[in-house]
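**Student:** Sequence and predicted structure below; questions after.
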Amino acid sequence: MIDFSQNHFELFGLPLRYRIDAVALERAYRELQTSVHPDRHAAGSDAEKRLALQASSRVNEAYRALRDPVARATHLLELRGVAVDAETDNRLPVDFLTRQLERREAADEALDAHDDAALARIVREVRDDASATEVEVARALDENDLEAARSRVRQLRFLVKLAEDVDALHAAEIDR
Amino acid sequence: MTLFQISEPGASPLPHAPKRAIGIDLGTTNSLVATVRKGLAVVLPDTEGRPLVPSVVRYGEDGVVVGYDAQACAIRDPSNTIVSVKRLMGRGLNDLGDDRRYPYRFVEGEGVIRLATRDGVKTPMEISAEILKALRLRAETALGGAIDGAVVTVPAYFDDAQRQATKDAAKLANLPVLRLLNEPTAAAIAYGLDNASEGTYAVFDLGGGTFDISILRLSRGVFEVLATNGDSALGGDDFDHRVFCWALEQAKLPPLSAADARKLMTSARDAKEMLTGHDAARIAAVLSVGEIDAMLTSHTFTEITETLVRKTLGPVKRALRDARLTPADINGVVLVGGATRMPQIRRAVAEFFGQPPLTNLNPDEVVAIGAAVQANKLIGNREGDDWLLLDVIPLSLGIETMGGLAEKIVPRNSTIPITRAQEFTTFKDGQTAMSLHVVQGEREKVADCRSLARFELRGIPPMTAGAARIRVAFEVDADGLLSVSAREETSGIESSIVVKPSYGLTDAEIARMLQESFAHAADDARARALAEARVEADRIVFATESALAADPDLLDDRTRDAIDRAVADVRRLRDGDDRAALAKAVEALNEATAGFAASRMDRGVARALAGKRVDALG
């Protein structure tokens, strides 16, 4: 069985840092699943099948988390004792919020006007912002500036969600 | 395809004869059973050489009839001859709406659909079980003994209730299920292994009653499903129905009786099939209310089914979006299902993806072939190349929260198996119970999602509102089946959960149905149960011995002794008549090997991570 006390990075034998080697991650994931996946233990005892189910689920969850920028950063912060969603101080900077709110309104207007191009442009802008924020998250984590990292991760999460929402509107508009 | 071979627990050379493993494609219109013989997957035909079994069950005067013989009675005895039962699996009466296509006598009520037949009230699971039984018998005859394991395919877009219903049907048919496998994935296995493919593929699977689209990546021996989508109520049947309606309109006839409707539906289907190779087809039927004689051209056929063809493209676009791909990224499109023979489907697919679809495998047989290959592997009859399958869950799973909104816990297209937990809290001061509603679907409102089950968590210690921490855990196994558990965390007090499946059978109902079917069956129920216990005993003894041969050093003498004794007990009871004692000995052996199984997985993982592949061909 895999060691359930290991963190996501240890599970795949990766160094504990934000920038990850995607190729090494995928290779380790495939090798782990090749040994723990339930299909490999379908002819085994019930206990073995149960273990395979738990181990394979764990590996899938860790893989998903490491490939997702927000989940990966959140996990790294947690390992350093910082909760991204603390009970206190969950505010985002006002100018940041204002900008996103404007974008959201612009997206709604573009939707009403059936303006495909405008929707696509807004999605692109938000994604560019998210990419830039991710670079800042990585830098803050590398420099162990935990407060900055926490704040940037929260912004990143907001931007990713916004991009998804607007993208969904865009898709609905295309499907129409 | 270059595949790597991996040193792996239990992969010791097989000293025994191969196990009897089969793959079953339980289709809306037709079903098939296949197996791997001498390394080659083959469909098992009936004594007349016919590979398909029409998915038709008739409750006749002299007992249950399945397949062509049942189909022959569909017009004469429509209410006792059930066709396309797959469309009713895991569904309630309210799901059918005012669909008057079905000539059956539905029993009004909540939950599972029930049909009144000559042989009493039947659920779709029991009716499907008759088809599975017929396939099991065919396989037993062909393979010369009891089946050790079966892979049964389901549409990728089947929700949890439909999957559970399929698994229950297999249980009622006394079929040992190794795995539920998604139909497009099964097709991809058959196709990928056959063509040594690498790259990103779309599998477009339009069956008799269901539509699936799966996007898969095939690379270095791994079949990875990136996204799946579909419509579990769209298929060839719907094209028949359009032709049926068109013919009715042409003849200006009043609504038809059940027998007339079946007759015209059969003509409609024949015409549809004719149009695959011809420019026109005649629909002629003598009905009790008058005669129909109309000529349907392929042009008109394309026109009256255009909305249906278009309905397939929405899911295709959504699947591509979820996979973050465009049509240009797809290296090949595989067509599966008899309905993909229709020229207008082929044209639409070719146009959308900008390339002609691949059709070099028989679209009727490819799913059963893939299932047989997977069954052969799961049971341990592995030969040569090795590969791994990573599939996904088609629809998000969630729970109802305040305001009738669905909180997603497991998002669609998550790789399975997966476990996800989320914490909820109480709404009122002193609240001691909480009712949880598990739903599946993509919509925000619970009312627009499918209700899977309702739970009640009791025994929460009275606390102020928001203080309790209720952890709800969703576990989706490799069959894509969900189990849910809930626990109050602050108290550590054990809490009870009552499960009421919304459109399924309870364990008690399954037990009763099994008993009834035993009573009905000509063969002795006890003998069958004993035979099954023996198969299970052989399976575990074999698994244990392979494990002992592969990793003997992981055991201390005491544990080894305990396992050896447990094996000896199973062997001793194996050929006796005491089923209960044998089952108990098997259980004891299971327990004795639990720790050993864990150490062996440790070792497997350690080897995998150390990269000690025995023979890396990749």
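**Tutor:** Thanks, I have it.

**Student:** For the stretch 451-600 of chain B, which segments count as strands?
**Tutor:** Per DSSP state E, counting those that start in this stretch, the stretch 451-600 of chain B has strands spanning B:470-476, B:482-488, B:497-501. These are given in chain order.

**Student:** show me what contacts the nearest residue to B:Asp322 once chain neighbours are set aside?
**Tutor:** On the basis of C-beta to C-beta, 6 or more residues apart in numbering or on different chains, the spatially nearest residue to B:Asp322 that is not a chain neighbour turns out to be B:Ala227, at 3.8 Å. Glycine gets a C-beta too; all of them are placed from N, C-alpha and C. Counting by C-beta atoms under 8 Å, 6 or more residues apart in numbering or on different chains, B:Ala227 touches B:Ser214, B:Ile215, B:Ala319, B:Leu320, B:Asp322, B:Ala323, B:Val392, B:Asn413.

**Student:** out of those residues, which are inside strands?
**Tutor:** Judged by DSSP state E, the contacts of B:Ala227 include B:Ser214, B:Ile215 as members of strands.

**Student:** Pipe the contacts of B:Ala227 into CSV and attach pLDDT and distance to B:Leu481 per row.
**Tutor:** CSV is the format used below for those (pLDDT from 0 to 100; distance: C-beta to C-beta, whole Å):
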residue, pLDDT, distance to B:Leu481
B:Ser214, 96, 18
B:Ile215, 96, 23
B:Ala319, 94, 22
B:Leu320, 94, 27
B:Asp322, 90, 21
B:Ala323, 94, 24
B:Val392, 96, 14
B:Asn413, 95, 17
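
**Student:** Looking at strand pairing, list the partners for the residue most central in space within chain B.
**Tutor:** Here the mean C-alpha position of chain B is nearest to the C-alpha of B:Val154 (C-alpha atoms, centre = their mean), at a distance of 2.8 Å. Taking DSSP bridges as the rule, B:Val154 bridges to B:Asn182.

**Student:** Please verify my assumption that it contacts B:Asn182.
**Tutor:** Yes: between B:Val154 and B:Asn182 there is a contact at 6.5 Å, judged by C-beta atoms under 8 Å.

**Student:** Now do the shared contacts for those two.
**Tutor:** Common neighbours of B:Val154 and B:Asn182 (criterion: C-beta under 8 Å, 6+ apart): B:Gly480.

**Student:** now the residue of chain B most remote from its centre, nearest residue through space, not along the chain?
**Tutor:** If you look at how far each residue of chain B sits from its centre, by C-alpha atoms, centre = their mean, the farthest one is B:Thr464, at 44.7 Å. Excluding its sequence neighbours, the residue lying closest to B:Thr464 (C-beta to C-beta, 6+ apart) is B:Asp429, at 5.2 Å.

**Student:** that older thread, wouldn't the residue farthest from the centre of chain B be in contact with B:Lys428 here?
**Tutor:** No: with contact taken as C-beta under 8 Å, B:Thr464 and B:Lys428 are classed as non-touching, separated by 9.3 Å.

**Student:** quick one, what contacts the residue nearest to B:Leu132 when sequence neighbours are not counted?
**Tutor:** In this structure, B:Leu132 finds its nearest non-sequential neighbour in B:Ala173, 3.7 Å apart by C-beta to C-beta, 6+ apart. Residues in contact with B:Ala173 (C-beta under 8 Å, 6+ apart) are B:Ala129, B:Glu130, B:Leu132, B:Lys133, B:Arg136.

**Student:** Widest-spaced pair of those residues?
**Tutor:** Taking every pair in the contacts of B:Ala173 and measuring C-beta to C-beta, the maximum separation is 10.6 Å, between B:Glu130 and B:Arg136.

**Student:** Which residue of these two possesses the greater neighbour count?
**Tutor:** Ranked by neighbour count (other C-beta atoms under 10 Å in any protein chain shown), B:Glu130 and B:Arg136 place B:Glu130 first, with 26 against 22.
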